[in-house]
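> fold the following for me, if possible:
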Amino acid sequence: MGTGRSAAASGFHVPPEEGHHQRTFMQWPVSRRVHPDPVFLDMAQATIANIANAISEFEPVTMLAAASDHRRARRKLSAAVELWDIPTEDLWCRDAGPIFVVDGKGGLAVSHIRFNGWGRKQVHVRDGRVAETVAGRLGLPLLPTGLQGEAGGVEQDGHGLLIAHESSWVNDNRNPGQSRDEIEKRLLAAYGADRMIWSKGVWAEDITDYHIDSLARFTGPGRVLINLPDAPVPGDPFHNAALETHDTLVAAGLKVEVIPEPVKRRVKSVDFVASYANYYVCNGGVIAAEFGDPQADAVARDTLGRHYPGREVITLHVDPLGEMGGGIHCATQQMPAT
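Predicted coordinates:
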């Protein structure tokens, strides 16, 4: 049910991701148009199941999938993972799933940024309906934003501050005709925030137009972890943009700590996303990636442990997600406690 009013206008905001969750939502990948190789699709499903099973040790997990896909999904999923009959194509619940907002009085709603397949780059007939379908099943208000895009394209600290790359938002493949100022106003209203830091990003070099959540993440108010190469390659657009984002965040007065990228990794492809920053925080745990570089993996694990004291850091082999351009955070969406 739509209200016609934004999250901010309705008294709602997105709380910190590290706050207490009711559950985690995920999506089951099934589309052969997206994943034509059945062997790789099976690997992707196994990876998603491993992530869901790991999170289910800490909090409830709901996997979204068409009823016809439940039997096969159940073979890989822990009995603790609940299946809902909500059809999906791909696994990126951070982007297609619902953005939950709270009002501090026990209220919950969904702030609706419309998913359009990362600027119409991928089929999204089912995934484009996921957020509103979940809201309907839960009986939650659907609050409009006037935006097309993805939650992975904006990072928020839950205390009024957003960071984003312009390339994921100020882009005619998502929000044609809207200026950066107009988009910023709508994002602040969608998240119930009051301040935003922009960096340029990278246009048209990857499917996401360089989502911020594969580079920089808030670990608390004014505190950021950023994933950078030890030896940036001159002329590499992502390295250049990453360094620019780092400098922008430091200049804005944030406390920024660097996690070095892995050097020795299992997948050598230049398109592979090897991001330690793309982790997920759940109740009592942090679910993160390891890439086969013992030294870098250990540094990342120890760094996450320092930033999230009292939580168990679990590292998983999730290389198929990196081959698709994403990571663990991209595949999850938290439903906060009210």
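> apart from its neighbours in sequence, what residue is nearest R301?
Closest residue in space to R301, ignoring its immediate chain neighbours: V313 at 5.3 Å, by CB to CB, 6 or more residues apart in numbering. Bear in mind the C-beta positions are built from the backbone N, C-alpha and C, glycine included.
> in which helix or strand does that neighbour reside?
strand 312-317 (DSSP states H and E).
> give the contact list for the residue nearest to R301.
G285, V286, A288, R301, L304, G305 (CB atoms under 8 Å, 6 or more residues apart in numbering).
> SS state for R129?
helix (DSSP: H, G, I helix; E, B strand; the rest coil).
> report the separation between it and A66.
12 Å (CB to CB, to the nearest Å).
> returning to what we had before: now the strand holding V313: mean pLDDT?
Strand 312-317 shows a mean pLDDT of 98.
> CA atoms of that strand as PDB?
Only the C-alpha atoms of strand 312-317 are listed here, as PDB (Å, rounded to 0.1, in the frame of the first residue of the first chain):
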ATOM      1  CA  GLU A 312      32.200 -13.500  15.500                       C
ATOM      2  CA  VAL A 313      33.800 -12.900  12.200                       C
ATOM      3  CA  ILE A 314      33.000 -15.800   9.700                       C
ATOM      4  CA  THR A 315      34.900 -15.800   6.400                       C
ATOM      5  CA  LEU A 316      33.600 -17.700   3.400                       C
ATOM      6  CA  HIS A 317      34.800 -18.700  -0.100                       C
END
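> can you get me a residue count around the nearest residue to R266 once chain neighbours are set aside?
Excluding the flanking residues, the one nearest R266 by CB to CB, 6+ apart is G292, at 4.2 Å. When neighbours are defined as other CB atoms under 10 Å, G292 has 14 of them.
> next one: the one 10 residues further on
Burial of D302 is recorded as 12 neighbouring residues (other CB under 10 Å).
> mind checking pLDDT for H165?
98.
> bridged to it, which residues?
S199 (DSSP bridges).
> please look at it and G153 and confirm they touch.
Yes. Counting by CB atoms under 8 Å, H165 does reach G153; the two are 7.0 Å apart.
> follow-up on the earlier one: how much space separates the residue nearest to R266 from V286?
In terms of CB to CB, G292 sits 19 Å off from V286.
> name the SS class of the closest residue to P221 other than its chain neighbours, please.
Of all residues not flanking P221 in the chain, H159 sits nearest, at 4.5 Å (CB to CB, 6+ apart). At H159, secondary structure determined by three-state DSSP is coil.
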